[in-house]
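Student: Next input, structure requested:
(4 chains)
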2 protein chains.
Amino acid sequence: MSSRRIPKTNVKSSEETGADLGKTIQRLRKAYNLSLGELSEQSGVAKSIISQIERNETNPTLSTVVRLSRALDTTVDEVLRGEQQSLFIDHQQKSGIPMLESQDGLCRLAIAGPLNLVDVFQWYDFHAKEKGVLESSPHPPGTIEHLYIVSGELEVTTGGEAKLGKTGEALRYRADVPHRIVNVGQGEAHAIMMLALKQFGAQ
Amino acid sequence: MSSRRIPKTNVKSSEETGADLGKTIQRLRKAYNLSLGELSEQSGVAKSIISQIERNETNPTLSTVVRLSRALDTTVDEVLRGEQQSLFIDHQQKSGIPMLESQDGLCRLAIAGPLNLVDVFQWYDFHAKEKGVLESSPHPPGTIEHLYIVSGELEVTTGGEAKLGKTGEALRYRADVPHRIVNVGQGEAHAIMMLALKQFGAQ
DNA sequence: AACCGGTGTTCTGTATAACGAACAACAAGT
DNA sequence: ACTTGTTGTTCGTTATACAGAACACCGGTT
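Tutor: Numbers count the residues shown, from 1 in each chain, chains lettered A, B, ... in the order given. Down below sits the predicted model:
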């Protein structure tokens, strides 16, 4: 199940921790007018290490970063900020929820969720008879669809990627590209579908 | 010059990262119903390492913690915060750190939805054994909770008002006041719980 | 020129975090 | 029983983060 791609990233140290941590540390240190020795004294981290961290020549342990963050009066996330790997891009758009019933007549999609909050998320009760297929055209950019499978076996295909979910499992996938849900099990399938529209600016 | 105050907390090297990280990681992982292997696959961290981290037998690298945090849809600070063992209910917390069981041990609440969109909504898989009760303290103002009852019979009490829902029905109620969900039917009850947080552009 | 106290850098050796594989324990299926 | 799968664990090896000391560099005094 759940085939989120593996990041892999075996880059040099901090490429994967986000932006270059070193620069941030150094900026903070200089902002406090601290020398390497002083920061070392206050944080308990060897100054040689701090030097290497600032030049991104090492991949520090969590405890080291925590100690530095504390000494610099900030938090780890604050230090890490600046990266924004853009897991999801924040876009905005309005809804225009078209779909309601299926094409082949085998799928039923009933609105079960709130409509007055329709701009944020939508919530459907989804029933599919055997072999039922629900084709969906792209939703607004950034939309994420969630499918909680109450019973049965459903396969979701999106962007060339297919995921299989069984009873009790939850699938999560991008919905801003064409996607399809197929009841690949035997008998009827029942699921709760949620659409989460991304529409608030996260810097 | 220089010489800021000295925070200086010199504990053990592994425990010095704050609360015990391992337990938090494990709680998050279990809340997502992920195995070590699955989390390993999704995070890119060897499962042996995750195992050791959860038992606080290692002092992880920042990049490792970052990868785990991302896979668990949270931030490093959230993980470090440890959440002073808010076992019981009280799953609202600040950013929706998850929990597992209710106070009477009869209810299970697992995260099924995204946490990185935590400011907008949260989505839980809710199971309650017979007579199970889930007490919740108030969520942020404007929060609306939705309960889709997959099977069983649940009664929601909020603000002195009680609503009864049966299989296939959906309840909707304010969640910014103390509220309680009781399994009043016979046998286990299963529901999907959604929390819709109001605020946009908060702060 | 020598000192100095201060900066940041590059040396050590040691400790250990990381990975992957092999393992054990416990399920369900056949 | 025997698989087959999945859980979490421990093992063997390599890579490297860490601390501390030694180093190089740069002002300012005398």
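
Student: residue ranges with poor pLDDT in chain A?
Tutor: A:1-19, A:82-105, A:108-123, A:137-143, A:159-160, A:168, A:196-203 (pLDDT under 70).

Student: For chain B, see how far away A:T158 is.
Tutor: Using C-beta to the nearest C-beta, to the nearest Å, A:T158 is found at 16 Å from chain B. The C-beta positions use only the backbone N, C-alpha and C, and glycine is treated the same way.

Student: Next: A:I25.
Tutor: For A:I25, the distance to chain B - C-beta to the nearest C-beta - is 11 Å.

Student: so that residue makes contact with A:Q52?
Tutor: No - A:I25 lies out of contact with A:Q52 (C-beta atoms under 8 Å); the separation is 10.7 Å.

Student: between those two, who's got more neighbours?
Tutor: With neighbours defined as other C-beta atoms under 10 Å in any protein chain shown, A:I25 and A:Q52 compare such that A:I25 has more, 22 against 16.

Student: Please give the element, helix or strand, for that one.
Tutor: Using DSSP states H and E, the element containing A:I25 is helix A:21-31.

Student: who touches stretch A:25-32?
Tutor: With contact meaning C-beta atoms under 8 Å, 6 or more residues apart in numbering or on different chains, stretch A:25-32 is reached by A:36, A:39, A:50, A:53-54, A:68, A:72, A:74, A:79, B:2, B:4.

Student: before we move on, back to that, wait, does whichever helix or strand comes after the helix holding A:I25 contact DNA strand C?
Tutor: Remark: after helix A:21-31, the chain's next helix or strand is helix A:36-43, criterion DSSP H and E. Yes - Helix A:36-43 comes into contact with DNA strand C (C-beta under 7 Å from any atom of the strand), by way of A:36-38.

Student: From the contact counts, what lies against helix A:36-43?
Tutor: Counting contacts by 3 or more C-beta pairs under 8 Å, 6 or more residues apart in numbering or on different chains; DSSP states H and E, helix A:36-43 packs against helix A:47-54, helix A:62-71.

Student: now it against helix A:62-71, angle please.
Tutor: Here helix A:36-43 points in a direction 100 degrees away from that of helix A:62-71 (axes from the mean of the first three to the mean of the last three C-alpha atoms, to 10 degrees).

Student: Okay, angle between helix A:36-43 and helix A:21-31 too, please.
Tutor: In terms of direction (the same axes, to 10 degrees), helix A:36-43 departs from helix A:21-31 by 90 degrees.

Student: ok, how many other residues are close to A:L134?
Tutor: Look at A:L134: counted by other C-beta under 10 Å, it has 23 neighbours.

Student: Report the beta-bridge partner residues of it.
Tutor: A:I181 (DSSP bridges).

Student: How much space separates it from B:G165?
Tutor: Note on A:L134: its distance to B:G165, by C-beta to C-beta, to the nearest Å, is 26 Å.

Student: Ok, A:S136 next?
Tutor: Using C-beta to C-beta, A:S136 is found at 29 Å from B:G165.

Student: same thing with A:E54?
Tutor: Distance, A:E54 to B:G165, using C-beta to C-beta: 57 Å.

Student: again with A:T158
Tutor: Applying C-beta to C-beta, the value for A:T158 to B:G165 is 32 Å.

Student: from what I can see A:H146 touches A:E169, true?
Tutor: No - at 11.3 Å, A:H146 does not count as touching A:E169 under the criterion of C-beta under 8 Å.

Student: Now do the buried residues in stretch A:58-69.
Tutor: Residues A:58-69 are the ones in stretch A:58-69 that count as buried (16 or more other C-beta atoms under 10 Å in any protein chain shown).

Student: So which residues of chain A form strands?
Tutor: A:107-111, A:121-128, A:133-136, A:144-151, A:153-158, A:161-166, A:170-174, A:179-183, A:189-196 (DSSP state E).

Student: can I get those strands in JSON lines with distance to DNA strand D?
Tutor: JSON lines is the format used below for the strands of chain A (distance: least, C-beta to the nearest atom of the strand, whole Å):
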{"stretch": "strand A:107-111", "distance to DNA strand D": "28"}
{"stretch": "strand A:121-128", "distance to DNA strand D": "24"}
{"stretch": "strand A:133-136", "distance to DNA strand D": "26"}
{"stretch": "strand A:144-151", "distance to DNA strand D": "17"}
{"stretch": "strand A:153-158", "distance to DNA strand D": "15"}
{"stretch": "strand A:161-166", "distance to DNA strand D": "11"}
{"stretch": "strand A:170-174", "distance to DNA strand D": "15"}
{"stretch": "strand A:179-183", "distance to DNA strand D": "21"}
{"stretch": "strand A:189-196", "distance to DNA strand D": "21"}
